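Peer 1: Test case, fold it:
(one chain, ligands or ions: 1)
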Amino acid sequence: MLVRNIEQLLERIDTACLAAGRPAGSVKLLAVSKTFGADAVIAAMASGQRAFGENYIAEGVEKILALRQYLAHKPQTEPLEWHCIGPVQSNKTRLVAEHFDWMESLDRLKIAQRLNEQRPADLAPLQVCLQVNIDGGANKSGVLPADALTLALEIAKLPRLRLRGLMAIPEPAADFAAACAVHGAVKVLFDSINASGQLAQTMDTLSLGMSGDMEAAIHSGSTTVRVGTAIFGSRQTPLA
Ligand SMILES: *Cc1c(COP(=O)(O)O)cnc(C)c1O
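Peer 2: Next up is the predicted model:
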């Protein structure tokens, strides 16, 4: 069931890539497993899926540890890649630094500095995306577009972090054109930061698009779509 859902999604992603004149396979699927257990992650892995996203730190770490134990008996399996995509308070940064591979929802220098200090020396640098509040949505996380370049340059100086790109969660749009306009604004910002010539390493990741707006995001240049419901089904407790 989950495998079929993932296969259908990969087809949908490839169709959107072709429609946008982009090569098939150029957009990565991040499976958002929040609120579902380690058993659901294991079921999804049967499709070859390796990248999983979590919003809630304690829940995510519990799953990461359970899967590490499960995979310890399966040395042939490619390792999983865990992305933190939810808001992180200062008192949770250590858990993120010690257990996740990616932090996509970074929007403050203070959090970045803590993650940099707390990233264990024996792990690869934490791969990070700056979350951008592209549409000024009420109570929304994310750096404002006007402040994104300055923050990106500060983060790029931190040796235990590796700035990979931008992430955004736009409000649902009325139609395809409106969705493309808001996703396109993130792409313009992404290109302008890269074109500033001030980053030692070019950003390569644009994490944009979910179940409902994936086609518009891919049309606008997304390189990672984050999908939960269309893989795992609807969540019991509706969470932000
Ligand atoms: C929950 C969540 C998703 C996945 O949303 P679905 O509607 O279930 O596909 C993607 N990105 C973020 C940041 C999320 O919190």
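
Peer 1: List, one by one, the residues from this structure near the ligand.
Peer 2: 32, 34, 55, 85, 169, 210-211, 226-230 (CB under 6 Å from any ligand atom). For the C-beta atoms, the positions are set from N, CA and C on the backbone; glycine is no exception.

Peer 1: Give me the ChimeraX select line for those, limited to the buried ones.
Peer 2: For selection in ChimeraX, the members of those meeting the burial criterion (16 or more other CB atoms under 10 Å) are listed in this command:
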select :32,34,55,85,169,210,226,227,228,230
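
Peer 1: Tell me which of the residues of the chain next to the ligand fall in helices.
Peer 2: When the residues of the chain next to the ligand are checked against helices using DSSP state H, the ones located there are 229-230.

Peer 1: Quick check: closest non-adjacent residue to the residue in the chain that the ligand sits nearest to.
Peer 2: Among the residues of the chain, residue 228 lies closest to the ligand, at 2.8 Å counting by CB to the nearest ligand atom. Counting by CB to CB, 6 or more residues apart in numbering, the nearest residue to residue 228 once its immediate chain neighbours are dropped is residue 32, at 3.4 Å.

Peer 1: The residue of the chain closest to the ligand is in contact with residue 234, isn't it?
Peer 2: No - the criterion here is CB atoms under 8 Å, and residue 228 misses it with residue 234 at 9.1 Å.

Peer 1: anything in contact with each of those two?
Peer 2: Shared contacts of residue 228 and residue 234, defined by CB atoms under 8 Å, 6 or more residues apart in numbering, are not found at any residue.

Peer 1: Following element in sequence after the longest helix belonging to the chain, please.
Peer 2: Looking only at the chain and at elements set by DSSP H, the helix with the highest residue count is helix 176-195. Using DSSP states H and E, the helix or strand that directly follows helix 176-195 along the chain is strand 205-207.

Peer 1: for the record, mean pLDDT for that following strand?
Peer 2: Per-residue pLDDT values over strand 205-207 give a mean of 98.

Peer 1: Skip ahead from it and say which helix or strand is next.
Peer 2: From strand 205-207 onward toward the C-terminus, using DSSP H and E, the following helix or strand is helix 214-219.

Peer 1: Show residues contacting that following helix.
Peer 2: For helix 214-219, contacts defined as CB under 8 Å, 6+ apart pick out 12-13, 16-17, 19-20, 22, 27, 173, 176, 179-180, 183, 208-209, 222, 225, 227.

Peer 1: Over to stretch 170-183?
Peer 2: 134-135, 137, 168, 186, 208-209, 212-213, 215-217, 219-222.

Peer 1: Quick one: end-to-end distance for it.
Peer 2: Start to finish, the residues bounding stretch 170-183 are 8 Å apart (CA to CA, to the nearest Å).
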